[in-house]
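Student: Show me the folded form of this:
(chains A and B)
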Amino acid sequence: MLANFDYARATSVTDAIEQCRADGAVFHAGGTDLLGCLMDGVFTVRKVVALSRLNELRGIEQSADGGLRIGALATLAEIAKSPLVRERWIALAEAAESAASPQLRNQGTLGGNLCQRPRCWYFRGDFDCLRRGGTFCSAMADGNQYHCIFGGYGCYMVHPSDTAPALVALGASVRIVSNNGSRLLPLESFFVLPRQDIRRETVLRPGEILTEVLVPPIPEGLRSTYRKVRSRGSWDFALAGAAVAIQRSGSRVEYSRIVLSGVAPTPWRSTAAEEAIQGEVLNTGTIVSAAEASVSGARPLSRNGYKVDLVRGLVAEALRAFALQ
Amino acid sequence: MTSERKNGTGSKSGVSRRDFIGRVGSGTVGAALGGAAIKPQATSASQSDSLPQMTLVVNGRSERLSVEPRWTLLDVLRDRLGLMGTKLGCGRGECGACTVLIDGLPRYACMTLALETEGHQVTTVVGLMDGEELGPVQRAFVEEDAFQCGYCTPGQVVAAEGLLRENPHPNESEVRAGMSGNLCRCGAYKHIMNAVRRAADTGR
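Tutor: Next comes the predicted model:
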């Protein structure tokens, strides 16, 4: 049985921010990661501020500019099943559908999925973890099969979200609201690398809340997809994943975004791979080039070298699928 | 509340094991056995005598309850309402044994705070009965011999019900996907798949 906590239902976004000012107060969106963290003893809370009554944070709709607006409380299932999302922002629908299990997708929210804590077993377990305020990182030495091959620095976590790389590939922004007003931030800037700050994964500060995600309109001819490699067909987080968005002019690539999951502490944009296909026709040669470029600079740890092959394969497969269309 | 054991001797005090364990949780075992009552530990966060009140609607019935904020829906279903059909498996959203429907959607009761269900409709496996008869999904599971130990079965049945409410005629891969949040340690998956297909075919 968990230690007890107080519970309050926010009546508005302003009220939610106010209620969460107290020490040890946290937001409850879907609650899947919150309860998991409490059960694992990652942190304790004195007060849970439930957002469930805030209908203004729900919904998936087209915005005036033809883009997509998704409320932070939209569930992964709602996103995966939305005809609007499925029709155009396909990588996002595929990413949402690939997460967790049907029951968890009915509960988990987009906001929670972006803000979820790491799955690293040292972070979640009874270890002296740097990220949790401890003194060292056990993953550096061993037990690092599920840790990063890019972006590690003192901490070697991987970001667990599937929707994050898909949204980065689609150019999304997030709205962050505080008592000082609201700001829009490119999703790419929302996440924090260990090198910048080892104690947090997002730029959210106390007193701030993520309210919605905005995705720009899809240009004509832009295709996207999200591919995920994992041990089981359900529940598992990505061993590696790739969100790819491609727009061609004739047969040449005019624009691309290649964003990796499961291999870095944040969604990892592979600019080298994007450059390798920019202006090129997608054929065996350029695809192999891009796949190789996507793993250049990879720094595997003692047990996760297999991720390099996974990334190479994922990028090649995704590009090949587009080439055949 | 006493109950006789089915076979052989009833217990001396007239209290079954299930009653005893149930009463320990509610602090009334003292009353049943004439000893000192055991009270749950109060924590600083809940020192007020009044616990949050909520209305929980389960299987069409409305219940007014005092709940601790930390209690999950599973805690309340089993320990407060005696609805034992819903099972505790992993207790962390990784097995599906506790699957219930909330507003018709499959959810894990162990991962849902009870207070969060106020204003929503909860359906457990017991709520899928057709009066005193098994409902169509339950019948399909029996007819296809879709369980061995039976422990995961309520969760499987409710997940199947949720799947078929949303998609009455799922294809093979849709059934697999829809049931992918439920584990079966006995390995009855093949028969479970058949049961879901049968329930779909007979127009559940």
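Student: Do a quick rundown of the strands in chain A.
Tutor: Assigned by DSSP state E, chain A shows strands spanning A:6-9, A:25-28, A:47-50, A:60-62, A:68-71, A:173-178, A:181-186, A:209-215, A:222-229, A:240-249, A:252-261, A:268-269.
Student: Of all these, which one comes closest to chain B?
Tutor: Chain B lies closest to strand A:6-9 among these, at 3.5 Å (Cβ to the nearest Cβ). For every residue, glycine as well, the C-beta is placed using N, CA and C.
Student: Going by neighbour count, which residues of the closest one are buried?
Tutor: Buried residues in strand A:6-9, defined by neighbour count with 16 or more other Cβ atoms under 10 Å in any protein chain shown: A:6-9.
Student: For it, what does the pLDDT average out to?
Tutor: Averaged over strand A:6-9, pLDDT sits at 98.
Student: For it, name the packing helices and strands.
Tutor: If contacts are counted by 3 or more Cβ pairs under 8 Å, 6 or more residues apart in numbering or on different chains; DSSP states H and E, strand A:6-9 sits against strand A:47-50.
Student: which helices and strands does the strand it packs on pack with?
Tutor: Strand A:47-50 packs on strand A:6-9, helix A:13-19, strand A:25-28, going by 3+ Cβ pairs under 8 Å, 6+ apart.
Student: Return the residues in contact with residue 156.
Tutor: No chain in the question, so chain A it is. A:120, A:137, A:139-140, A:144, A:147-148, A:194, A:265, A:301 (Cβ atoms under 8 Å, 6 or more residues apart in numbering or on different chains).
Student: nope, chain B
Tutor: The contact partners of residue B:156, by Cβ under 8 Å, 6+ apart, come to B:96, B:99, B:141, B:146-147, B:179, B:182, B:184, B:192.
Student: Get me the contact residues on chain B for chain A.
Tutor: B:43, B:45-46, B:52, B:68-70, B:72, B:75, B:91-94, B:96, B:99, B:102, B:105-108, B:111-113, B:115-116, B:159, B:162-163, B:176-178, B:180-181 (Cβ under 8 Å from any Cβ of the partner chain).
Student: These in strands, which ones?
Tutor: Those of those lying in strands (DSSP E): B:99, B:102, B:105-108.
Student: okay, these in JSON lines with pLDDT and neighbour count next?
Tutor: Below are these laid out as JSON lines (pLDDT from 0 to 100; neighbours: other Cβ atoms under 10 Å in any protein chain shown):
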{"residue": "B:99", "pLDDT": "98", "neighbour count": "31"}
{"residue": "B:102", "pLDDT": "99", "neighbour count": "21"}
{"residue": "B:105", "pLDDT": "98", "neighbour count": "19"}
{"residue": "B:106", "pLDDT": "99", "neighbour count": "31"}
{"residue": "B:107", "pLDDT": "98", "neighbour count": "30"}
{"residue": "B:108", "pLDDT": "99", "neighbour count": "31"}
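Student: farthest pair in these?
Tutor: Spatially, the most separated pair among those is B:105 and B:108, at 11.3 Å (Cβ to Cβ).
Student: all helices for chain A, in order.
Tutor: A:13-19, A:32-40, A:76-81, A:83-88, A:90-98, A:102-107, A:110-115, A:121-124, A:163-169, A:271-277, A:284-294, A:306-323 (DSSP state H).
Student: Most tightly packed of the ones you listed?
Tutor: Among the helices of chain A, helix A:163-169 has the highest mean neighbour count (mean count of other Cβ atoms under 10 Å in any protein chain shown), at a mean of 29.
Student: Run through the neighbouring helices and strands of that helix.
Tutor: Checking 3+ Cβ pairs under 8 Å, 6+ apart, helix A:163-169 ends up next to helix A:90-98, helix A:110-115, strand A:222-229, strand A:240-249, strand A:252-261.
Student: which residues in chain B form helices?
Tutor: Going by DSSP H, chain B shows helices at B:17-26, B:29-33, B:73-75, B:136-143, B:153-166, B:172-178, B:189-201.
Student: Domain map for the chain?
Tutor: Picking chain A for this. A:55-116+A:158-215, A:222-323 (automatic domain parsing).
Student: that's the other chain; I wanted chain B
Tutor: According to automatic domain parsing, the ranges for chain B are B:53-125, B:136-201.
Student: Select, out of the helices and strands packed on helix A:163-169, the one closest to residue A:201.
Tutor: Of all the helices and strands packed on helix A:163-169, helix A:110-115 sits nearest to residue A:201, with 7.7 Å by Cβ to Cβ.
Student: what residues does that closest one touch?
Tutor: A:29-34, A:57, A:70-76, A:79, A:96, A:99, A:161-164, A:167, A:174, A:187, A:190, A:201-202, A:204, A:210-211, A:213.
Student: Show the buried residues in those.
Tutor: Neighbour-count burial (16+ other Cβ under 10 Å) applied to those gives A:29-34, A:57, A:70-76, A:79, A:96, A:99, A:161-164, A:167, A:174, A:187, A:190, A:201-202, A:204, A:210-211, A:213.
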